[in-house]
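Asks: Got a sequence here, can you build the structure:
(one chain, ligands or ions: 2)
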Amino acid sequence: MSVSDRIEKLLIKAEIGEPLSRDEIIELLKMPGDSVRDLFASADRVRQREVGDEIFLRGIIEFSNHCERNCLYCGLRKSNAKLSRYRMSDDEIIATAEHIKKTGIPTIVLQSGEDSFYKTDSICRLIERIKTETDAVITLSIGERNLDDYRSFQQSGTNRYLLKHETSSPELYQYLRPGCRLNERMQSLRRLKELGFETGTGNMVGLPGQTWDILADDLLVMKILDADMLGIGPFIPHPDTPLTGIENDDIELTLRVLALARLLTQNTNIPATTALATLHRQGRLLALQAGANVVMPDFTPDIYKSRYDIYPGKSDTGAARNIIEKLKADIHSLNRTINFSAGKRPGKHFPEIIH
Ligand code: SAH
Ligand code: SF4
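Replies: Ligands and ions are numbered 1, 2, ... in the order given. All right, here's what the predicted structure looks like:
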């Protein structure tokens, strides 16, 4: 069987929702460049069948750039003394949440570094206030906390939790996140799932030391966890971190991983990540044609935005209003529309088969 026949056969298998083995995933990840269009087309069909033609929006507020972790890849790491740190006040956060609501977006993502300044109680009071004032669906993305904290967040009205596993290799994870363990991250993710949060995970593509095997395992983690949302973005080296100078300027591999995530998980919500839009002018649009169905405009007020400097170029991707306007213009040509509803993960069309 020729390589292209073999790829076609695997894509048909994936498209109808049959599980792929780790070796088959690796084969698809490594497929020759001339078959990549077929991979994206296949993921695009599954996206249409499972989650429809509509694009869902989530408004992000990056409310604190203080972080007690020292992740080697991230500009917010504790040891980055060059970063000017900020915390938004509760009133500023509420005002931003109201601004998001006014644009018609019903889902708010609250993101920060791991910042223990915010006690569980104060986060819960904040969530309750946002709920009362805006009635938004709330996603938290504030790193790892303990089981009781997750319970409290849920009782205060938090609906979703985003905690990327970052990499499925325990060794690479431990190297990139000093003092942290992959099994603790996975335990948090399982707890969040069990508590009933819509749970998001995901990885970075292009990390130093990442292999095909690790990328395939990343995809299997997403599948086996039965994650509801998947954040898949390219690693972008930051000049003020130990990983400065590592090359990763090609988004194609990230798009391959994203497309395979759509094929493997079928009905999850997958954003066209800001990191993709940062590395490539058309990154967002390309992702939306390779399996993505969500866009997350950044509503962090301008005075803070450039200081949420996880990776370089992030804040150049534009104001939330411009992103939505540009999206409206672009998606017309794709025959897609924006849906201003919360966009919960839909029910499954296929029986779940985990091998
Ligand atoms: N502190 C929380 C949330 C903020 S970080 C946490 O770590 O979970 C949000 C995401 O930014 C991380 O999950 C990581 O995948 C991404 N990120 C950090 N540094 C990055 C870099 N240099 N390039 C691309 N993405 C990066
Ligand atoms: Fe902190 Fe998250 Fe950045 Fe790690 S990735 S340094 S936990 S903000």
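
Asks: Of all residues in the stretch 251-355 of the chain, which one is closest to ligand 2?
Replies: Shortest the stretch 251-355 of the chain-to-ligand 2 distance, computed as Cβ to the nearest ligand atom: residue-wise this is Ile310, at 6.1 Å. Every residue, glycine included, has its C-beta placed from N, CA and C.

Asks: was I right about that residue contacting His238?
Replies: Yes. Counting by Cβ atoms under 8 Å, His238 is a contact partner of Ile310 at 7.5 Å.

Asks: what touches both of these two?
Replies: Listed as contacting both Ile310 and His238 by Cβ atoms under 8 Å, 6 or more residues apart in numbering are Cys74, Gly75.

Asks: What residues does the chain have near ligand 1?
Replies: 73-74, 111, 113-114, 141, 143, 163-164, 166, 204, 233, 235-236, 238, 275, 310-311 (Cβ under 6 Å from any ligand atom).

Asks: all helices for the stretch 1-150 of the chain, in order.
Replies: 3-15, 22-29, 36-51, 90-102, 120-134, 147-155 (DSSP state H, counting those that start in this stretch).

Asks: looking at the ones you listed, which is closest to Leu172?
Replies: helix 22-29 (16.8 Å; Cβ to Cβ).

Asks: Could I have the CA atoms of that closest one written out in CSV?
Replies: Extracted in CSV, the C-alpha atoms of helix 22-29 (Å, rounded to 0.1, in the frame of the first residue of the first chain):
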residue,chain,number,x,y,z
ARG,A,22,-0.3,5.1,19.5
ASP,A,23,1.7,4.0,16.4
GLU,A,24,-1.1,5.1,14.1
ILE,A,25,-1.2,8.5,15.8
ILE,A,26,2.5,8.8,15.3
GLU,A,27,2.2,7.8,11.6
LEU,A,28,-0.4,10.6,11.1
LEU,A,29,1.7,13.1,13.0
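
Asks: and the angle from that helix to helix 36-51?
Replies: Counting by axes from the mean of the first three to the mean of the last three Cα atoms, to 10 degrees, helix 22-29 lies at 120 degrees to helix 36-51.

Asks: on contacts alone, who are the packing partners of helix 22-29?
Replies: Packing partners of helix 22-29 (3 or more Cβ pairs under 8 Å, 6 or more residues apart in numbering; DSSP states H and E): helix 3-15, helix 212-224, helix 252-265.

Asks: Need the single longest strand in the protein, by residues.
Replies: strand 198-205 (DSSP state E).

Asks: got the angle for it vs helix 212-224?
Replies: If you take the same axes, to 10 degrees, strand 198-205 sits at 170 degrees to helix 212-224.

Asks: what's the angle from strand 198-205 to helix 252-265?
Replies: 150 degrees.
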